[in-house]
Structure formats: C-alpha cells, structure tokens
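In: here's a sequence, model it:
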Amino acid sequence: MRTIDVNEAIDNNPFGRFQWLVVALCALLLIVDGYDVFVAGTVLPTLIAEWGLSKPQAGALQAWALFGMMFGALFFGSLADRIGRKKGIAISFLLFTVSTLLTGFANSPEQFKIFRFFAGLGCGGLMPNAVALMNEYAPKRLRGTMVAIMFSGYSVGGMVAAGLGIAIIPQFGWKPMFFVAALPLLLFPVILWKLPESLGFLIRQGEQEKAKRIYAKIAPAAALGANDRGANDRLVFSEAKGASASIAELFRHQRALRTLMLWTAFFCCLLLVYLLSSWLPKVLQEAGYAEKASLLSLFSLNFGGMAGAIVGGRLGDRFGLPKVVVGFFVAATASIALIGLNPSAGILFLMVFVAGATTIGTQILLYASVAQLYNLSVRSTGLGWASGVGRIGAIVGPTLGGVLLAKEFPLQQSFLIFSIPAAVAALAMLVFAISNARRSDVARLATA
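Out: Now for the predicted structure:
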C-alpha cells in the first residue's frame, strides 16, 4: 500500500483545469460578496436624502451589516473546520444573497438594519472559507497569486455595484440595487454541484474514496480509486496533523506575536476599506465633485483593489508576502493623505486607484498571509478570527467617518486622519515580517 502526501502532489503537479475551476467558482462567489459589501456605499447618499439621516446615523446604519460580518467570520470560520469548507461556503452564500434581496423591500431604517445584519453574517462567513479552500488547492509556488486572482472577484463586485449605481439610482432609486441579488441565486446549484470539498478535510474525516476521486482530477495519471491498482493507496495531508480547531491554538508554536500583529493589520485595513467604500462618494460630492464623478471614484477604488491584489500576490510569491504588505501600507498612507488636497479629477482618480490597490488589494494579501501562517486543522479558525477582528475595524470605519464628517473638518485634515490607520498597519506588518523572518531562520537552523 502506497502512502501519498497530497500537499507534495499539489506542489509538484501543474496547476490544471480542475484547480482553475476552483479559482473561477470562488471568484464568482466573491464577485457577489463584493457587490453586497459595496452596494451600501452606492446607495448611502440616496438613503440620507430619502430618510433624512444625519451623518452619524448613516454611519450607524452601515455598521449593522458589519456587525453581521464580524459574527459571521467568527462563527462560520470555526464551524467550517468541523463541517467542511464547502458546507460553510454554501450556507454563507445562501444567507447573504437572500438577505440582500430582502433588503430591497425595506421601508424604514430599522428594517434595513435587520436585513443588512443577516446579509453581513453570510458575507463574513464566506471570505475565510473561500480563502482556505483556494489555499489548499494551490501549489506553494503560486499560492499568493491564485488566492489574489480569486479574491480579485471581490473588487469586481465593487465595480459592478458602482457601475449599476450610476445607471440605476438616478432613474429608479436605490431599491433595484438590492433586487439584483436575485440573479446570483441561480449560481447556488452550480456551487453545490461543482465546488469540491477540502481534500484535507475529507482525509481528516476518513473519506478516502471521495478524496481519491478529487485527487485523480489534480493528478490524472494516478487514477486513484478508479481501478484495482489504486484501490489500496492511502492519501495523507501533511498539514492535517495538529490540534483540533481552537482559538488558543492560534497563539501556540511561537505564533502569538504574529497573530496579534496580523489582527492589528486586519483591524486597520478593514477600517480603511469600509471607511472609503462607505463615505468616499458622499465626501467627494460635498467637496464639489459631480455625482457621477463621485460614483466613478468608487469604481476606481475597486479597480485599484483588483489590480493591487493580482500584482501584490505575484510580488508576494516572489519576494514574500510580509515585505509586499508593508510596502503597500506605506503607499496607502501617502495616497489617502493626498486625496485630501482636493486635486483635479485625473489626479484624484489616480490617488483613489492607488488607495484601492493598497487597501482592498492588501486586505486580500492579508488573508493569504493568515492562510500561510496556520496549518490545516486551524486554518479556517485562524482566518475567521483574523477576519472577525478586522470586522471590528470595519464597524469603526463608517461610524468614525460619520462622526468626523459631522464635525466638518477641512477636507485635507479629514484625509490626514483617515491615513493614520494605514501607518499603524504598516508598523504592525513590519513587526510581523521581522518575527516571521526570525522564525524561518530558526527553523532552517534546526533542520540543517
């Protein structure tokens, strides 16, 4: 009986059609997820006018979905380590698509908050599980790139939200923006049919035959389980060894400092992502830019996020994710501060593009960093908790933005304040990078 290490097989085999299918399906899921997140920013100016909301009230209205995302990330991240990535993804997807559709029927801020909270639960649960699944099917040499390509769907969803907002809101109002969520429900049967379960999870659960069928698609020459030659082979997942999923496990094996630094970076990064996505159109309108230009800035923000994720993932595979993330956060600090100088439209869109690349794009690189830090047994838990802590920042972002804007600070001063979290995140990831390098050096010396 042969014992085959699935990790080694995935690392040594070409990235084939089956794995591209996983990338495509997860990217589609995140397009829908990104749309759900950014649609709130596109409708916010209309809601303020229709319901007579103050800026702090509008910020609090946005925060309900973010509360849901926080609880969803914490709950579904840990749950998926027990029931499987595929089930966690399917439940999350169904929850947020149905809730987003129902948001279009809201007739008051109270109803809006409830529907957005449940949509947030699903959104928060989807991200960590999709990242964990993609991370397991990508070879180590391409892991950052593949996770980034998959996660660029999140930015595409944001661009779709901005584009539809420009076309729909002036003519039909804000409600049709949520009715669009009925279309992604058509994707649900495809997810159940085509999205594979985590190989590592199947092996850990003793589901060898199911694991062999999936493995045969990754390494067709092996044909495990398809004939007598492969019937007695046993698959193992080298990362599967470890303690059961628990929060305490995230701080063991000299990971405590790195875990805390990643949580700090997640908090600051998501604070910026949701601050900019929620308030950028409104702030620019008040600064004198036309409504169309302000919504185009949201498009530019997300286009930058997609470009930043793909370029950053490729750079991360080549030079190491921690170094790239530090550089991106430094660039975010500068670009956000420069937006406050009230530049011409061309320079504005360029700075917003860079801000998107180095905040939304960096968020994706942070997920990849977390996935690489933890082994299989606690990966979804690690991703869920990092995302959950980040969601606290996402709650603080729109609320803080509403409070600061209500004080009517000058535009330059407001964006200087907005750039502070990026500087803090850069410092946190510098500490993470130094600690990670030291651990790597120790590991190399131990094996020498």
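In: how about low-confidence regions in the stretch 151-300 of the chain?
Out: Within the stretch 151-300 of the chain, the segments meeting pLDDT under 70 span 221-232, 237-246, 287-295.
In: at 80 what do you get?
Out: 151, 155, 220-233, 237-247, 253, 277-296, 298 (pLDDT under 80).
In: helices of that one, start to end?
Out: For the stretch 151-300 of the chain, applying DSSP state H, counting those that start in this stretch gives helices covering 176-179, 188-194, 199-204, 208-218, 228-231, 256-286, 291-319.
In: buried residues in the helix ranked longest in the chain, which are they?
Out: Longest helix in the chain, counting residues (DSSP state H): helix 411-447. For helix 411-447, burial by neighbour count (16 or more other CB atoms under 10 Å) applies to 411, 414-419, 421-433, 435-436, 439. C-beta: built from backbone N, CA, C; applies to glycine.
In: could you give the mean pLDDT of stretch 94-110?
Out: In this model, stretch 94-110 has an average pLDDT of 92.
In: start at 55, not 1
Out: Renumbered: residue one is now 55, and that last one reads stretch 148-164.
In: for it, measure first residue to last.
Out: 22 Å (CA to CA, to the nearest Å).
In: how about that stretch: buried residues?
Out: Neighbour-count burial for stretch 148-164, counted by 16+ other CB under 10 Å, picks out 149, 150, 151, 152, 153, 154, 155, 156, 157, 158, 160, 163.
In: which parts of the stretch 55-204 of the chain are helices?
Out: Using DSSP H, counting those that start in this stretch, helices in the stretch 55-204 of the chain cover 60-66, 71-105, 109-137, 139-157, 163-191, 197-226.
In: for the fourth one, the distance to its chain's centre please.
Out: Average the C-alpha atoms of helix 139-157, do the same for its chain, and the two points are 15 Å apart (CA atoms, centre = their mean, to the nearest Å).
In: relative orientation of the longest helix of the chain and helix 310-340 in degrees?
Out: For helix 465-501 against helix 310-340, the angle by axes from the mean of the first three to the mean of the last three CA atoms, to 10 degrees is 160 degrees.
In: packing partners of helix 465-501?
Out: helix 310-340, helix 375-393, helix 399-427, helix 430-460 (3 or more CB pairs under 8 Å, 6 or more residues apart in numbering; DSSP states H and E).
In: what angle sits between that helix and helix 430-460?
Out: 160 degrees.
In: pLDDT (mean, whole number) over helix 465-501?
Out: 84.
In: now the residue lying closest to residue 493 once chain neighbours are set aside: phi and psi?
Out: In space, and not counting its chain neighbours, residue 493 is closest to residue 308: 6.2 Å by CB to CB, 6 or more residues apart in numbering. Phi and psi for residue 308, reported as degrees, to the nearest 10, are phi 60, psi 40.
In: so how far is residue 197 from residue 69?
Out: 10 Å (CB to CB, to the nearest Å).
In: of the two, who's got more company?
Out: The neighbour count for residue 69 versus residue 197, taken as other CB atoms under 10 Å, is higher for residue 197 (23 against 17).
In: show me what contacts the more buried one?
Out: Counting by CB atoms under 8 Å, 6 or more residues apart in numbering, residue 197 makes contact with 189, 371, 422, 425, 426.
In: same thing but 7 Å
Out: Residue 197 makes contacts with 189, 422, 426, as judged by CB atoms under 7 Å, 6 or more residues apart in numbering.
In: and what of residue 447?
Out: 320, 321, 322, 324, 325.
In: 6 Å instead?
Out: Taking CB atoms under 6 Å, 6 or more residues apart in numbering as the contact definition, residue 447 lies against 321, 324, 325.
In: now render the residues you listed as CSV, adding neighbour count and distance to residue 182.
Out: Shown next, in CSV, are the contacts of residue 447 (neighbours: other CB atoms under 10 Å; distance: CB to CB, whole Å):
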residue, neighbour count, distance to residue 182
321, 23, 15
324, 30, 13
325, 29, 18
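In: what's the pLDDT at residue 72?
Out: In the prediction, the pLDDT value recorded for residue 72 is 91.
In: that one: how many residues sit nearby?
Out: Residues near residue 72, counting by other CB under 10 Å, number 16.
In: kindly report the same for residue 102.
Out: Residue 102 sits with 16 neighbouring residues when counted by other CB under 10 Å.
In: how about it: what's its closest non-neighbour residue?
Out: Setting aside the residues directly before and after it, residue 102 is nearest to residue 112 in space (CB to CB, 6+ apart), at 5.2 Å.
In: before we move on, back to that, right, and the helices of the stretch 55-204 of the chain - which one's nearest residue 390?
Out: helix 71-105 (16.0 Å; CB to CB).
In: list the buried residues in the closest one.
Out: Buried residues in helix 71-105, defined by neighbour count with 16+ other CB under 10 Å: 72-73, 76-77, 79-102.
In: try stretch 426-440
Out: 426-440.
In: correct me, but residue 150 touches residue 173?
Out: Yes: using CB atoms under 6 Å, residue 150 is in contact with residue 173, at 4.6 Å.
In: now for these two: what residues contact both?
Out: By CB under 6 Å, 6+ apart, the residues touching both residue 150 and residue 173 are residue 90.
In: on that earlier part again, any chance of the helices and strands packed on helix 465-501 in TSV with distance to residue 130 as columns?
Out: Formatted as TSV, the helices and strands packed on helix 465-501 follow (distance: least, CB to CB, whole Å):
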stretch	distance to residue 130
helix 310-340	16
helix 375-393	24
helix 399-427	15
helix 430-460	7
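In: mind checking those helices for the one nearest to residue 63?
Out: Closest to residue 63 of the helices and strands packed on helix 465-501 is helix 430-460 (CB to CB; 14.9 Å).
In: residue contacts, the closest residue to residue 415 other than its chain neighbours?
Out: With sequence-adjacent residues excluded and distances taken as CB to CB, 6+ apart, residue 415 is closest to residue 362, at 2.3 Å. With contact taken as CB under 6 Å, 6+ apart, residue 362 is in contact with 411, 412, 415.
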